[in-house]
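**Q** Below are the sequence and a predicted model for it; my questions follow.
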Amino acid sequence: MDATPFYIMIELGMEVEDMNGYVGVVAGSPRNGKWLILKDDGRAVRLREEYIREYDHERAVRITQDDCPAFQKWLEKRELA
């Protein structure tokens with residue numbers, strides 16, 4: 001488990017990810033304490049600041065490299081299909 005805290009200074013237009021790993025862009029200011037996020041799958045959701053963090057591409061690459069057995073199994077299954 002990654003121990004990186006989810007607390008950041010959020011700005012409009014910032015690329016963020018939620019606690020489930022979904023990536024999106026901050027599109028609106030907070031309303032009732034929740035930011036408007038346009039997710040990469042097309043949904044628009046409102047999330048509290050505690051549940052999002054700035055997207056780190058280098059971290060995503062580290063997770064999907066050779067040291068991740070689940071990702072390697074996924075790759076193997078994809079190559080067999």
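**A** Received it, and whenever you're ready, just let me know what you need. Numbering: from 1, shown residues only.
**Q** contacts, neighbours, all on C-alpha from now
**A** Noted.
**Q** Quickly find the element holding Glu17.
**A** strand 15-18 (DSSP states H and E).
**Q** Tell me where this structure has strands.
**A** Along the chain, the segments classed as strands by DSSP state E run 15-18, 23-31, 34-39, 44-48, 52-54.
**Q** Now tabulate those in TSV and tack on distance to Gln72.
**A** Below are the strands of the chain laid out as TSV (distance: least, Cα to Cα, whole Å):
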stretch	distance to Gln72
strand 15-18	23
strand 23-31	22
strand 34-39	26
strand 44-48	31
strand 52-54	26
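**Q** Contacts only, for the residue positioned nearest the centre of the chain.
**A** For the chain, Glu17 is the residue whose C-alpha lies nearest the centre (Cα atoms, centre = their mean; 2.3 Å). Shown in contact with Glu17 (Cα atoms under 8 Å, 6 or more residues apart in numbering): 23-24, 52-55.
**Q** how near is it to Tyr51?
**A** Using Cα to Cα, to the nearest Å, one obtains 9 Å as the distance from Glu17 to Tyr51.
**Q** With Gln72 instead?
**A** In terms of Cα to Cα, Gln72 sits 28 Å off from Tyr51.
**Q** Next: Met19.
**A** 6 Å.
**Q** of these two, who's got more company?
**A** Under the criterion of other Cα atoms under 10 Å, the comparison of Met19 against Tyr51 puts Tyr51 first, with 14 against 11.
**Q** so what's the more buried one scoring on pLDDT?
**A** At Tyr51, the model reports a pLDDT of 90.
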